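J.: sequence plus predicted model, see below.
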Amino acid sequence: MQTAGVGFAGGLIPRRAHKKSKNGCRTCKVRKVKCDERRPLCRNCERHFVNIVECDFEGHVTVLQQAGESSSAASAQVPVVPADIQAPPNTAIGLVGRQAEPLGIAPAVAGGRLDPFDARPRTNVANVSVDALMSHYLTDFAYRSFPIYASRPLIELWWPFVREDVLTFHVTLLLSSVDLEKLQTGSESIRTRELLDQCLHLLNQRVADPVAGVSDHTIVSIACLAAVEHDKDNMKALSMHTAGLKQAVGIRGGLEAIRSTCSMTANFIFWISMISTHEPSLLQLGYGDLHNPPRWFHEREAQPLLTHSGNFVDLLDFGVDVPTANLLREIQRLTKLYTTVLDGESAEQATNILSHLCSVIDSLFQLSREQTMDAVIPGLSQSCRLAGCLHILTPMSGYFPNPTLMLHTLVRDLKSSLTQVLSSLAGRSTHLLLWLLAVGGITAHSMPERSWFVGHLVVAITDLDISNWDRFREYLIALAFHDNFCDVSFQALWVEVERKRATLDPVREQHFEGWCSAQVEEGSARVREVGIRIR
């Protein structure tokens with residue numbers, strides 16, 4: 001009988017550690033998380049969504065809480081909205097995060113003012129149920145795609161923009177079709193191929209016109225097509241669309257010129273370009289704000305961060321450089337502002353804040369590419385820039401366009417930068433280091449680098465005498481960057497860190513010099529004893 005140490009070449013078939021089940025709900029399969037198969041509502045969906053009553057197990061359809069009365073039949077059923085992006089309770093300081101309510105079809109595009117199923121361009125594509133694709137887009141896909149996410153004001157601004165242009169409208173149908181196939185079959189259908197052909201045909205006609213070829217609608221459509229190919233990992237087509245996008249933006253005078261006339265278009269272009277490159281250092285389309293920074297950018301006396309506990313903390317005290325500290329402060333301010341207006345009445349206000357947030361992210365990326373000298377701790381400011389980007393982008397992982405590959409790049413860059421920080425600190429842990437390691441740790445949940453962050457977090461929590469989850473969370477909140485909608489991810493990270501600490505069972509602290517002296521003395525005594533015996 002062969003032993004367990006023999007390789008598989010000998011004919012042994014390895015047994016699974018567990019039997020793989022295919023009976024989980026469809027939502028968990030799409031999100032690529034393990035379903036506990038509890039019926040009628042699994043724990044993952046119960047925790048992640050606020051308006052789901054029953055999961056879509058095989059042979060069943062997801063049952064949702066119904067929205068209020070609507071003039072359109074398509075808006076009678078509302079989309080599943082993640083519980084972790086619902087509006088936080090009112091506090092004196094406001095928690096950072098994205099609030100949401102079920103989108104349905106926005107009032108501005110439904111009912112008496114505008115029926116989206118009548119006021120739309122026609123399509124000659126066969127095998128396409130336009131109404132079904134529009135319904136899926138407006139009630140499901142839009143809330144988990146940029147630039148809409150869970151914002152009612154933005155869908156009210158976005159949908160009229162889509163339906164007034166035949167090319168943008170067909171590209172939107174294509175996005176909806178691609179997403180539906182992922183949810184239903186996982187393979188490309190004739191419908192999607194025909195829609196793609198029609199989009200490319202319309203685009204070829206459009207770019208032949210020197211004016212219409214660089215319009216907002218054309219540029220947004222090219223960006224959407226790039227996002228589709230990015231999602232399909234079609235690198236050749238992605239490169240082609242990205243090159244065309246860059247050329248069109250250049251003809252218009254750059255991203256800043258487009259933002260001055262339509263910030264929504266500029267945001268869309270920036271976001272697609274940022275994610276599709278995978279490498280932030282290769283970002284092809286940026287705002288250029290770093291070369292013409294706002295007044296507060298280099299102000300040393302800028303307002304410090306306001307923490308969730310109501311206290312102020314100055315990142316300069318930790319050794320972070322002035323521009324980076326001010327950019328992180330802006331991220332905190334803008335995300336809180338965006339939360340308050342996300343479902344308010346002003347689409348213009350939400351768009352302006354989103355535009356400013358994109359500009360700050362772009363500045364962090366640009367600053368991270370420049371050679372800067374950290375006055376106190378090498379690598380600390382760079383680590384803060386990368387972690388600031390992760391703080392904003394990590395909750396969007398899995399949304400469209402999916403930033404996961406770019407996040408993995410940022411995690412590896414953060415690990416490299418933190419290696420310098422850890423070397424300089426020489427074993428001394430700080431609150432800021434704890435936050436940097438925690439942000440990297442939750443983003444690296446499916447990466448080999450996760451164990452590196454966990455291992456260093458074990459050292460940090462031991463040094464800071466953190467013994468439980470509540471204490472760990474207090475330390476994160478003390479730097480104002482911990483988000484309530486990331487609680488589950490941070491708590492899962494804490495469990496892993498605790499398990500690792502228990503496994504390692506570190507030796508009780510003792511002074512290394514004293515230990516060395518004891519060993520030397522013991523060795524000397526043995527040498528003397530041997531010498532006496534020889535005599």
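T.: Happy to help now that I have it. Residues are numbered from 1 along each chain as shown.
J.: helices of the stretch 351-500 of the chain, start to end?
T.: Counting by DSSP state H, counting those that start in this stretch, the stretch 351-500 of the chain forms helices over residues 380-393, 404-425, 431-443, 450-463, 469-477, 487-504, given from the N-terminal end onward.
J.: could you give me the buried positions within the third one?
T.: What it means is helix 431-443. With burial defined by 16 or more other Cβ atoms under 10 Å, the residues of helix 431-443 counted as buried are 432-443. Any C-beta I mention is one placed from the backbone N, CA and C, and that applies to glycine too.
J.: quick one: residues contacting the nearest residue to residue 315 once chain neighbours are set aside.
T.: Closest residue in space to residue 315, ignoring its immediate chain neighbours: residue 325 at 4.0 Å, by Cβ to Cβ, 6 or more residues apart in numbering. Residues in contact with residue 325 (Cβ atoms under 8 Å, 6 or more residues apart in numbering) are 302, 314-316, 384.
J.: restricted to helices, list those residues.
T.: Using DSSP state H to define helices, the subset of the contacts of residue 325 located there is residue 384.
J.: most neighbours out of the contacts of residue 325, which is it?
T.: Comparing the contacts of residue 325 on neighbour count, residue 384 comes out first with 30 neighbours (neighbours: other Cβ atoms under 10 Å).
J.: so what's that one up against?
T.: Contacts were defined as Cβ under 8 Å, 6+ apart; by that measure residue 384 touches 315, 320, 324-325, 328, 432, 436.
J.: ok, 10 Å please
T.: Counting by Cβ atoms under 10 Å, 6 or more residues apart in numbering, residue 384 makes contact with 315, 318-321, 324-325, 327-328, 364, 368, 391, 414, 417, 421, 432, 435-436, 439, 481.
J.: now residue 401
T.: Residues near residue 401 by Cβ under 10 Å, 6+ apart: 145-146, 175, 223-224, 226-228, 230-231, 271-272, 274-276.
J.: and if we set it to 6 Å?
T.: Counting by Cβ atoms under 6 Å, 6 or more residues apart in numbering, residue 401 makes contact with 227, 230, 275.
J.: find the nearest non-adjacent residue to the second one, please.
T.: Right, residue 230. Leaving aside its sequence neighbours, residue 230 sits nearest to residue 276 (Cβ to Cβ, 6+ apart; 4.5 Å).
J.: surely that neighbour is in contact with residue 231?
T.: No: counting by Cβ atoms under 6 Å, residue 276 stays clear of residue 231, with 9.6 Å between them.
J.: who's more crowded, those two?
T.: Summary of the neighbour comparison: residue 276 and residue 231, criterion other Cβ under 10 Å, with residue 276 having more neighbours (25 against 17).
J.: quick check on that one: phi, psi?
T.: When quoted as degrees, to the nearest 10, the phi and psi of residue 276 stand at phi -70, psi -20.
J.: of the helices of the stretch 351-500 of the chain, which is nearest residue 248?
T.: When the helices of the stretch 351-500 of the chain are compared by Cβ to Cβ, helix 404-425 sits nearest residue 248, at 22.5 Å.
J.: tell me which residues of that closest one are tucked away?
T.: In helix 404-425, residues buried by neighbour count (16+ other Cβ under 10 Å) are 404, 406-415, 417-418, 420-422.
J.: returning to that earlier point: reformat the contacts of residue 325 as a markdown table; add distance to residue 156 and pLDDT.
T.: Formatted as a markdown table, the entries for the contacts of residue 325 read as follows, by distance: Cβ to Cβ, whole Å; pLDDT from 0 to 100:
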| residue | distance to residue 156 | pLDDT |
| --- | --- | --- |
| 302 | 34 | 56 |
| 314 | 40 | 74 |
| 315 | 37 | 76 |
| 316 | 41 | 78 |
| 384 | 36 | 91 |
